[in-house]
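K.L.:
model the following, please.
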Amino acid sequence: MKGTLQKYSFDVSNPEQTGRAFFSVPLDKLRTKQFLQSFLDTQNYNALFKAMRFGYVNKEYGSKGYITNSLKIHDLDSGCFHLFLELAQWVELPTSVIMQLSVASFCAPISESIEKWHTAAKAYILSAAFKDYEAVVGYLSEFDPTFKTFAVLLEIDAKRTKDVLVEKLLYEKNIDKTAIRKLFIAKKIDISYLFGANYKDNDTKTREAIVRLALLYKNEPLTAAFLAHVKLQDPCNAIRKLIEAASERSGTQKLPTNPLEQLEFALVTGYCYPASTFLEKIKSDSVFEALASKLFFTIVENGTLRDVCVVQDGKICDLDNRVLHLDLAKQIGILHPVEIPNKYSYIKTLNLPKQPISQINRPSFMPTDYERMENAVKKVDGIIIEAQTLRKNFKAHGFKSVYGNSENYIEHAALFLNDFACVLSFTPTDFVSPTQVITLRGAKFYHGADFVPVRGKLFIEGASNIRIAEIDPRTFSECVYALQKITMR
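P.N.:
Got it, this is the predicted structure:
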C-alpha cells in the first residue's frame, strides 16, 4: 500500500546472529532505526551490546564517516559504542534514548555485557554535560535512581553539582537519599556547613529538611553532636520529636497478649513484670498460672537478680516451696539458663517435667575468648546455605534485611533485641535465583538506634560495631541461638 512504511523484524533473543544479519547488507535508514528500536524500546541493552559487538566486523558497507570513526578507535568495544551513537544520530533517535542507554552502561554491574561500554558512556555523558549541563541533570535525575552518574558531573563542576544534590537531599521526595550520601562520602563532599551555627537562621521547613538530612549521617560524631544540640534547643516541637523518634531502637517488639508467647518473650528479652502485676496474673488468669507453675522465675530489684522463685497454687514461693511475701516495688522475670546463680546450679540436673517453653534445657551460649577479642560471633562463619532457605529462616526467626555497599544487594540481616542488633553478614545477594547458595561471614553487634531507615530499607553505614563485652549474657545467648536456628535446613 502506498505510503505504508516497511516493517522489519529482528530477533532480539539471538542478538549475535541478528547483529551479523543486520550488518551483512548495506545500511538503510528505516531498517537501522527499527533494528535499534527493537532493543531500545524494551531496554534490552545487553542484547544490543552483543548485536553491535559481534555483528559489526569491518564491513565494506555503510557510511564512510562512521566506519572511519570506529576504525580510529583501537578499543573495539568503545568503537562499537561510537558506531551506535552515529547510527542513533543518523536515524534521529531522541537524545533521551541515547542518554538512558549511557546511564544503564555506566551503572551496570561488571557481570553485564553492557558494562563494557562504561568508559565510552562516561565520555558521552561528559560531552553532553559540557554542551547543556541542565539538560543532562534532568536526564540523570530521571534515569539514574542510584545517582552514580552524578560523579561524572562532579568532574565538570563540583560546586554546581553538589548544590543540585543538596537541594535534592533537602527537598525532593521519593528518592534514595542514602545513595547521594554514599556519593558524597566517596567523593569527600563536605556538607557539614548545613549542620553549623547558621542552622538556627533557617525557617522551620528548611530546619526540618536539614535535620532529616543529618539523620542520614547520624552515626558520624560531629553530626550526632549537632542532632543532640538541636534536640535540646530547637523551638519546633515536631523537629525535636523527629530526632527523638530516630533515636529509638529499630524493630522494637511489644509484649504479646497470648500467655505462652508472653512468657517466651519475657525469657528471650529479659522483660520483667512488676510484682503486683505478676501476682494479679497468677491469681486471675488460670492459663497463665498453669504455664507459670512449670517454670523458674527471678526476683529482680533495681535491675539486679536477687533470688530464684517458682509459682505454687497461685503464690510465689522460694525453691523450698515457702511462700514469699514480696515488696511490690520488686519485679518478676523469667530465669534464663545463662544466669542461674551458682547456688542453684543443681536446677540443671533435676528431672523436670516437660516445660511449656524451652527454659532450663534451652541451648545457651557464651562468647569464646577469640570472639571477645574479635568482637564478632564466629560460630556461623563459613557455613554455606541455600539462599531461599536462608530467606525463609530470616522471616521465621525475626531477622530483617540490611543493605550494605549496594542499593540492590542485601549483605546483612539484623536481629533486634534489647536495644542491640546482632548483624549477620554474608555474600551479597538479591535472593532472586532459587538455586543460589550463600556463604555466611559471622556476626557483629550494633546499637539498634544506629540503623538508618530510608524508603523502607535499613542501612548500617557509618556505624561502628560494639564490643561483645557490652552485651549482656542473655542477649548474646539468644542472638547466637537465633543464628543457629537460621542455619538449619
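
K.L.:
show me the helices in the stretch 301-450 of the chain, by range?
P.N.:
Taking DSSP state H, counting those that start in this stretch, the helices of the stretch 301-450 of the chain run over residues 369-374, 387-396.

K.L.:
wait, which of those is closest to Gln34?
P.N.:
Taking C-beta to C-beta as the criterion, Gln34 comes closest to helix 387-396 out of these, the separation being 40.0 Å. Backbone N, C-alpha and C define where each C-beta goes, glycine included.

K.L.:
may I have that closest one as CSV, with CA atoms only?
P.N.:
Output for helix 387-396, consisting of C-alpha atoms alone and laid out as CSV, is shown next (Å, rounded to 0.1, in the frame of the first residue of the first chain):
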residue,chain,number,x,y,z
ALA,A,387,19.5,-18.6,49.5
GLN,A,388,15.8,-19.4,49.6
THR,A,389,16.2,-21.5,52.8
LEU,A,390,18.1,-18.6,54.4
ARG,A,391,15.5,-16.1,53.4
LYS,A,392,12.7,-18.3,54.8
ASN,A,393,14.5,-18.7,58.0
PHE,A,394,15.1,-14.9,58.3
LYS,A,395,11.3,-14.4,58.2
ALA,A,396,10.6,-17.3,60.7
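
K.L.:
and Leu48, which helix or strand is it part of?
P.N.:
Taking DSSP states H and E as the criterion, Leu48 maps to helix 45-55.

K.L.:
repeat for Asp190
P.N.:
Taking DSSP H and E as the definition, one finds Asp190 inside no helix or strand.

K.L.:
helices and strands of this structure: which one bottoms out on pLDDT?
P.N.:
helix 64-71 (a mean of 42; mean pLDDT, DSSP states H and E).

K.L.:
report how many residues lie close to Tyr133.
P.N.:
Tyr133 is surrounded by 16 other residues when neighbours are defined as other C-beta atoms under 10 Å.

K.L.:
ugh, wrong one, Ile185
P.N.:
In terms of burial, Ile185 registers 13 neighbours under the definition other C-beta under 10 Å.

K.L.:
give the contact list for it.
P.N.:
If a contact means C-beta atoms under 8 Å, 6 or more residues apart in numbering, then Ile185 has no contacts.

K.L.:
any idea how this structure splits into domains?
P.N.:
Under automatic domain parsing, the residue ranges defining each domain of the chain are 259-349, 369-486.

K.L.:
dump those domains to JSON lines, plus mean pLDDT, distance to His118 and mean neighbour count.
P.N.:
Rendered in JSON lines, the data for the domains of the chain read as follows (pLDDT from 0 to 100; distance: least, C-beta to C-beta, whole Å; neighbours: other C-beta atoms under 10 Å):
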{"stretch": "domain 259-349", "mean pLDDT": "93", "distance to His118": "48", "mean neighbour count": "16"}
{"stretch": "domain 369-486", "mean pLDDT": "88", "distance to His118": "16", "mean neighbour count": "17"}
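
K.L.:
tabulate the ones you listed in a markdown table, adding columns for distance to Gly79.
P.N.:
Formatted as a markdown table, those follow (distance: least, C-beta to C-beta, whole Å):
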| stretch | distance to Gly79 |
| --- | --- |
| domain 259-349 | 62 |
| domain 369-486 | 30 |
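
K.L.:
quick one, which of those domains is nearest to Ala128?
P.N.:
Smallest distance to Ala128 across the domains of the chain (C-beta to C-beta): 24.6 Å, for domain 369-486.

K.L.:
for the closest one, what is the distance to the chain centroid?
P.N.:
Going by C-alpha atoms, centre = their mean, to the nearest Å, the spacing between the C-alpha centre of domain 369-486 and its chain's C-alpha centre is 11 Å.

K.L.:
on that earlier part again, only the buried residues of the helix holding Leu48, if you could.
P.N.:
Along helix 45-55, the positions that meet the burial threshold by neighbour count (16 or more other C-beta atoms under 10 Å) are Tyr45, Asn46, Ala47, Leu48, Phe49, Lys50, Ala51, Met52, Arg53, Phe54, Gly55.
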